[in-house]
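J.: Build the 3D model from these lines:
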Amino acid sequence: MTASVVLVPGLGLGPEAYGPTRKHLEIPSEVVTLPGFGEPTSPGDDLRVQALADRLATQLKEPSVLVGHSASCHVVVEVAVSRPDLVSGLVLLGPTGDIEASGWPTLAGRWVRSAVWERPYLIPTLTKQYFRTTFRAMARAEAVVRHYDLAAAMPHVGVPTVVLRCPHDSLCPSQWAQRVADLAGGEAWTLPSGSHMPVLTNGRDLAAFIHRAAGVYKAR
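T.: From the prediction side, this is the model:
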């Protein structure tokens, strides 16, 4: 793989989730799916974040900007920690991973508060992607990755990091996004609109930040 940018879909999403972002990218990019993150799971799949990170790392042939969304932010962060030679920068979109808010009732409540702000036209594409990944795979993956302590990992990240969220994203509150960025010495931004699916609703904005992370230009 020689892509300058490698994008990992969020839980249940597939390669097409990054379509609205990639159409605005002016640099090579590739989407990598993983079990639970665009692919169904098999009984023997190891869904621990470290195992998923190792799986992603085997597909990286040169230092790349890694882009994660929601729970896949855990995976790209783990690659940056364990294989810094393969990562030139991180762009984290609506990262979850707050271990203090990882209980099922809290996650469900935050998901509902975020979902009510999502645009209805997203329902068909989300349904298609979720059914392809399968809800069983999503549940298995979430049951494991929700225990990953993103805050504990961020101080070990040694590459430029940008954390992005949308104003109605309750799964990634502004205080959490800022904390994640601060722990890595990075920066946090709240986009002008949207909820927890910026990959589908804020593609132009995301592409601008990815360009900057890749050194295409330095300012929005």
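J.: if I look at residue 44, how far off is residue 170?
T.: When C-beta to C-beta, to the nearest Å is applied, the distance between residue 44 and residue 170 equals 35 Å. For glycine as for every other residue, the C-beta is placed from the backbone atoms N, C-alpha and C.
J.: Tell me which of those two has more neighbours.
T.: Neighbours per residue (other C-beta atoms under 10 Å) separate residue 44 from residue 170, with residue 170 holding more: 16 against 5.
J.: per-residue pLDDT, the more buried one?
T.: At residue 170, the predicted lDDT confidence score is 95.
J.: Could you look up the SS state of it?
T.: At residue 170 the chain is in coil, as set by DSSP: H, G, I helix; E, B strand; the rest coil.
J.: Can you name the secondary structure element that comes next after the helix or strand of the chain with the lowest mean pLDDT?
T.: Of all the helices and strands that make up the chain, helix 104-115 has the lowest average by mean pLDDT, DSSP states H and E, namely a mean of 88. Toward the C-terminal end, the helix or strand that comes next after helix 104-115 (DSSP states H and E) is helix 123-133.
J.: got the buried residues for that next one?
T.: Buried positions in helix 123-133, judged by neighbour count with 16 or more other C-beta atoms under 10 Å: 125-126, 129-130, 133.
J.: Return the alpha-carbon coordinates of that helix using PDB.
T.: Listed next in PDB are the C-alpha coordinates belonging to helix 123-133 (Å, rounded to 0.1, in the frame of the first residue of the first chain):
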ATOM      1  CA  ILE A 123     -30.700   6.000   7.000                       C
ATOM      2  CA  PRO A 124     -30.500   3.900   3.700                       C
ATOM      3  CA  THR A 125     -26.700   4.000   3.400                       C
ATOM      4  CA  LEU A 126     -26.200   3.300   7.100                       C
ATOM      5  CA  THR A 127     -28.700   0.400   7.000                       C
ATOM      6  CA  LYS A 128     -26.900  -1.100   4.000                       C
ATOM      7  CA  GLN A 129     -23.500  -0.800   5.700                       C
ATOM      8  CA  TYR A 130     -24.700  -2.100   9.000                       C
ATOM      9  CA  PHE A 131     -26.400  -5.100   7.500                       C
ATOM     10  CA  ARG A 132     -23.300  -6.000   5.500                       C
ATOM     11  CA  THR A 133     -21.000  -5.800   8.500                       C
END
